[in-house]
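Visitor: this one's structure only:
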């Protein structure tokens, strides 16, 4: 089933205890699409400026990612993010951000994408997420991400959006901020009251949990990799593999969601093993499936 | 199989966002014994002062906990700890500590306990842990806990102890401190080099991981409870149920260890639902087994 993602394409500069990666390819839609493409065809909707130094056709060569929805906007500039990680790298410090195109009008969804059945609205202003969503005719399953600045400054827009999505995927800090509740199990319950049928809370290296109308339905640790170099894009890769698997199966029942989260966990664990999307571009579905089986074995009792 | 624990009995004062519990029963050996007693008979070795206000015979009434090893030391005073938790309660702030008996000589292991097969050395000075261990004739499986102050000030003693134990059970902060390594998978590998065959790293609400000679062998999230009131004693209850299960089964193979960790996770999740050991004293093995099955269901994919 066709999977559409709207999100950012970024020029990132990332510093971690393992080195510096300057002006490398980043952005939520890039990590998402790369991870999703192991499972499903992907339609990427995003905007860059003419300054974008990356040839996405090369980046995604051999992957089933349709770039027709990537707009190169004359007179604008590509989104830039500079960030750093310290110690156990559990949190990104934003050193510098230039919104550029992200502060402008959203991209248009190409006419040929309007029949997309699976839709992921990566993190951007919730009013724009809604505007993008309204361009899709009859989605079967819509998931969205969000972040601290929208929760703080655009809460009403976000609450309106939450009534239109099937799933919200966010991290533990965001879940606490959105609800004012420190206990994640309770926070998830409160988010469900805002509209989505499913809430998936990402806890970085500590894994994730899923909640639905019957409470907590799934908990999974992060995959323990000894080679964490750069956590950037882990959450977006998680969402990418998750949505990719659902689109591949064309199922969103609880068992499918569990398996999808496990695949998301595996994709994220590869992403963090190198800078930018380097590790993710170097692997195959077979490599992902092998680690998926290891994850299953490591969590069984 | 008889299980022996050496550790503290404390007079705790705990403040959390959910209230204050003044001068309540605490201490590693208390939480450990309470959790372990659901599985195995327990021999408790600890010291209190004559000021100890708790009647342990009442506390452990109906439980298979032998209190013969509890010394009431004339002229001394019971260990006291005052601590508080804030926000998501992931860390205890020590407000006040009076070591009292803990700063003195360790208790004697009663002659009748010397044949104990399973031994848990709860957190105290590593030289004392070793002294206690030497009083056991032929233990089958020895596990120890430790904490930041011993890693900082008694590292050589701790390293000597690690050569004598089968398993080290410690939290993520301690694992990082002991090795200087932020990545927990790598940190576990370095601890294994110090002697124990098994390392179990506790990550608070985020669960735990086990590593052995073949690397990571088990990862398990914390049990998601919406009613966290007081995290004190969670780690000791985890260790108690873990060791209790191993002693009950008289097995320490990898599958037994996995199940033991899952029981430890369940015991910890009950402990945090009320102040002191109140919740733990109010449940039965059947209640534990029910949540154990829920944990299994929540982690399966």
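Guide: That came through fine. On a predicted model such as this, the values are computed, not experimentally measured, just so you know.

Visitor: going forward, measure contacts and count neighbours with C-alpha atoms only.
Guide: Fine.

Visitor: quick check: residues of the stretch 151-300 of chain A near chain B?
Guide: Contact residues (Cα under 8 Å from any Cα of the partner chain) of the stretch 151-300 of chain A with chain B: A:182-186, A:206-207, A:216-221, A:224-226, A:228, A:255, A:258-259, A:262, A:296, A:298-300.

Visitor: next up, phi/psi of residue A:4, please.
Guide: Here is the backbone geometry of residue A:4 (degrees, to the nearest 10): phi -110, psi 140.

Visitor: what's the answer for residue A:194, then?
Guide: Main-chain torsions, residue A:194, degrees, to the nearest 10: phi -80, psi -10.

Visitor: ranges for the helices of chain A?
Guide: A:28-36, A:56-59, A:126-133, A:148-153, A:155-162, A:172-179, A:184-193, A:234-249, A:254-271, A:278-281, A:285-299 (DSSP state H).

Visitor: in the third one, which residues are buried?
Guide: Within helix A:126-133, the residues scored as buried using 16 or more other Cα atoms under 10 Å in any protein chain shown are A:126, A:127, A:128, A:129, A:130, A:131, A:132, A:133.

Visitor: mind checking how far residue A:98 is from residue A:129?
Guide: With distances taken as Cα to Cα, to the nearest Å, residue A:98 is found 20 Å from residue A:129.

Visitor: check residue A:268 too.
Guide: 23 Å.

Visitor: for residue A:294, same thing?
Guide: For residue A:294 relative to residue A:129 (Cα to Cα), the value is 36 Å.

Visitor: then residue A:184?
Guide: 25 Å.

Visitor: so for chain A, the centremost residue is which one?
Guide: Most central in chain A under Cα atoms, centre = their mean is residue A:236, positioned 2.6 Å from the mean C-alpha point.

Visitor: quick check: closest non-adjacent residue to that residue.
Guide: Computed as Cα to Cα, 6 or more residues apart in numbering or on different chains, the closest residue to residue A:236 that is not its neighbour in sequence is residue A:32, at 5.0 Å.

Visitor: need the per-residue pLDDT for the one you found.
Guide: pLDDT, residue A:32: 98.

Visitor: what residues of stretch A:236-256 count as buried?
Guide: Here stretch A:236-256 shows A:236-248, A:250, A:252, A:256 as buried, counting by 16+ other Cα under 10 Å.

Visitor: let me redo that: stretch A:77-87
Guide: Buried positions in stretch A:77-87, judged by neighbour count with 16+ other Cα under 10 Å: A:77, A:78, A:79, A:80, A:81, A:82, A:83, A:84, A:85.

Visitor: quick one: which of these is nearest chain B?
Guide: The nearest member of the buried residues of stretch A:77-87 to chain B, counting by Cα to the nearest Cα, is residue A:85 at 12.1 Å.

Visitor: what residues does the closest one make contact with?
Guide: Neighbouring residues of residue A:85 by Cα atoms under 8 Å, 6 or more residues apart in numbering or on different chains: A:15, A:16, A:17, A:91, A:92, A:93, A:230.

Visitor: pLDDT score for it?
Guide: Residue A:85 is given a pLDDT of 96.

Visitor: residue A:197 now?
Guide: Residue A:197 is given a pLDDT of 98.

Visitor: for chain B, see how far away it is.
Guide: As judged by Cα to the nearest Cα, to the nearest Å, residue A:197 and chain B stand 18 Å apart.

Visitor: do the same with residue A:29
Guide: Here residue A:29 is placed at a distance of 27 Å from chain B (Cα to the nearest Cα).

Visitor: ok, now residue A:9?
Guide: Counting by Cα to the nearest Cα - residue A:9 and chain B are separated by 29 Å.

Visitor: residues near the nearest residue to that residue once chain neighbours are set aside, how many?
Guide: Among residues not flanking residue A:9 along the chain, residue A:27 sits closest, at 4.2 Å (Cα to Cα, 6+ apart). Per other Cα atoms under 10 Å in any protein chain shown, the neighbour tally for residue A:27 reads 25.

Visitor: which ones are touching residue A:27?
Guide: A:7, A:8, A:9, A:10, A:11, A:12, A:233 are the contacts of residue A:27 under Cα under 8 Å, 6+ apart.

Visitor: among these, which ones are in strands?
Guide: A:10, A:11, A:12 (DSSP state E).

Visitor: per-residue confidence at the second one?
Guide: According to the prediction, residue A:11 has pLDDT 98.

Visitor: I figured it was touching residue A:28, is that so?
Guide: No: Residue A:11 lies out of contact with residue A:28 (Cα atoms under 8 Å); the separation is 11.3 Å.

Visitor: comparing those two, which residue is more hemmed in?
Guide: The residue with more neighbours, out of residue A:11 and residue A:28, is residue A:28; 27 against 23, by other Cα under 10 Å.

Visitor: please report how far that one lies from chain B.
Guide: 25 Å.

Visitor: you'd agree that residue is up against residue A:238?
Guide: No: counting by Cα under 8 Å, residue A:28 stays clear of residue A:238, with 10.7 Å between them.
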